[in-house]
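*Asks:* Have a look at this prediction, sequence included:
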Amino acid sequence: MLFLYGAYGTGNLGDDAILKAALEIHGRNNCKVVSYGSPFLRQEVDYIDHFAFIDNPKEFLSPGDTLIFAGGGLFWTASHAAVMRRCAESAREIGCDVQVERLGAQGVHAAIDDAKILFSLCSRISVRDHFSVDLLKQLNVTDRAIYEPDFVLELRDKPAKKFNKERIVVGISHSAVPFYYDEAHRRKTLHIYNLIVERCFGYCDFVYIPHTRHFNVIAQNDVIYGEYFWQASRGRIQSLPFPSTVEELLEYYAGVDVVFAWRYHALVLAKVMGAAAAFLGQPGGHKYSAFAKEHQLPQINFDLEPIEVAASAVRLINRVSKKREQVGVTAS
């Protein structure tokens, strides 16, 4: 039996999209899921409570099972790296295999010792970007990691692309935590997007696509973020209802033509669903830039003056508009 361990069921639909794809790849009947709560998937998933599992992995695992740390950026804190290391040690003690599959290594700096032990216990290690492969080597954590694309890039169960014949639909998702507590960051963000709206509202519709509904971590609850965008734009950026499932989130992405995001799985889902996408955020050695670079997506530097940032975004929208005209789908 395979045990899939990840940040599932927290209210972050990116993590539940990872789970959906992992279950497709490994086979639902072959897997048990370790989750914080009920995953937001259309087909209900029986799961083992995360906290019960980490308290005593041996209560759930049996000799010959495989524990897979499956997808996402699981090195978000040093303490969580220690939790994964202890789970891996318990699994190996009773004769289980341990693997790491398609993780992002960003954040591992805070937990190098635990990460070294964790990876030493694994029979197989894969990471979701080449930056992570290189990072683990540079930090002397492991040289055994190989590249495999993020689980979500291999989703098979997804809706058909919707073609908007009249107006271009622009999706926005902004996960940068400073938006919540840093007023200057929030003002700049909203100013940039208002500039974009003012330039393009004649032929575009704008929607804010929420991905997270963390009630215990309000700074990551971007349902709230969407309301800021709606209010600041005087209703010209529609704040979409929070999807009740990953499948509903996929439907949102099936209906957009362009995506601007400071959110990893917004960029991933845009690519999966065939939308033009750009990372609009601060440059650096993080997962957003790593994904954008590897998939040749535009990177728009948030640290530039707002008028420059907006101009770059408008150029991407206009390229999409021109392409639509060339193929005979004309925006009004």
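*Replies:* Arrived safely.
*Asks:* pull the helix or strand with minimum mean pLDDT from the protein.
*Replies:* Within the chain, no helix or strand scores below helix 178-181, which has a mean of 89 by mean pLDDT, DSSP states H and E.
*Asks:* helices and strands around that helix, which ones?
*Replies:* If you count contacts as 3 or more CB pairs under 8 Å, 6 or more residues apart in numbering; DSSP states H and E, helix 178-181 packs onto helix 183-200, helix 222-232. Bear in mind the C-beta positions are built from the backbone N, C-alpha and C, glycine included.
*Asks:* in that helix, what counts as buried?
*Replies:* Within helix 178-181, the residues scored as buried using 16 or more other CB atoms under 10 Å are Phe179, Tyr180.
*Asks:* Figure out how far it is from the centre of its chain.
*Replies:* From the chain centre to the centre of helix 178-181 is a distance of 19 Å (CA atoms, centre = their mean, to the nearest Å).
*Asks:* still on that earlier bit, take the helices and strands packed on helix 178-181 and write them to CSV, including mean pLDDT and distance to Pro210.
*Replies:* Converted to CSV, those look like this (pLDDT from 0 to 100; distance: least, CB to CB, whole Å):
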stretch, mean pLDDT, distance to Pro210
helix 183-200, 97, 15
helix 222-232, 92, 5
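*Asks:* How about residues contacting the least confident helix or strand of the chain?
*Replies:* Contacts of helix 178-181 with the rest of the structure, by CB atoms under 8 Å, 6 or more residues apart in numbering, involve His185, Arg186, Thr189, Ile218, Ala219, Ile224, Tyr225, Tyr228.
*Asks:* repeat that with 10 Å
*Replies:* The contact list for helix 178-181 (CB atoms under 10 Å, 6 or more residues apart in numbering) reads 184-186, 188-190, 217-222, 224-225, 228-229, 262, 282.
*Asks:* For PyMOL, write the selection for the buried entries among those residues.
*Replies:* To isolate the buried ones among these in PyMOL, judged by 16+ other CB under 10 Å, type:
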select buried, resi 185+186+188+189+190+220+221+222+224+225+228+229+262+282
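*Asks:* is it true that Arg234 lies in a helix?
*Replies:* No. Using DSSP: H, G, I helix; E, B strand; the rest coil, the assignment for Arg234 is coil, not a helix.
*Asks:* my read: it touches Val197, true?
*Replies:* Yes. Counting by CB atoms under 10 Å, Arg234 touches Val197, with 9.3 Å between them.
*Asks:* Neighbour count for these two, which is higher?
*Replies:* Per other CB atoms under 10 Å, whichever of Arg234 and Val197 has more neighbours is Val197, with 21 against 9.
*Asks:* Any figure for the gap between the more buried one and Asp55?
*Replies:* The gap separating Val197 from Asp55 is 49 Å, by CB to CB, to the nearest Å.
*Asks:* could you check the angle helix 183-200 makes with the longest helix seen in the chain?
*Replies:* Assignment by DSSP state H gives helix 306-326 as the longest helix of the chain. Our comparison of helix 306-326 with helix 183-200, counting by axes from the mean of the first three to the mean of the last three CA atoms, to 10 degrees, yields an angle of 40 degrees.
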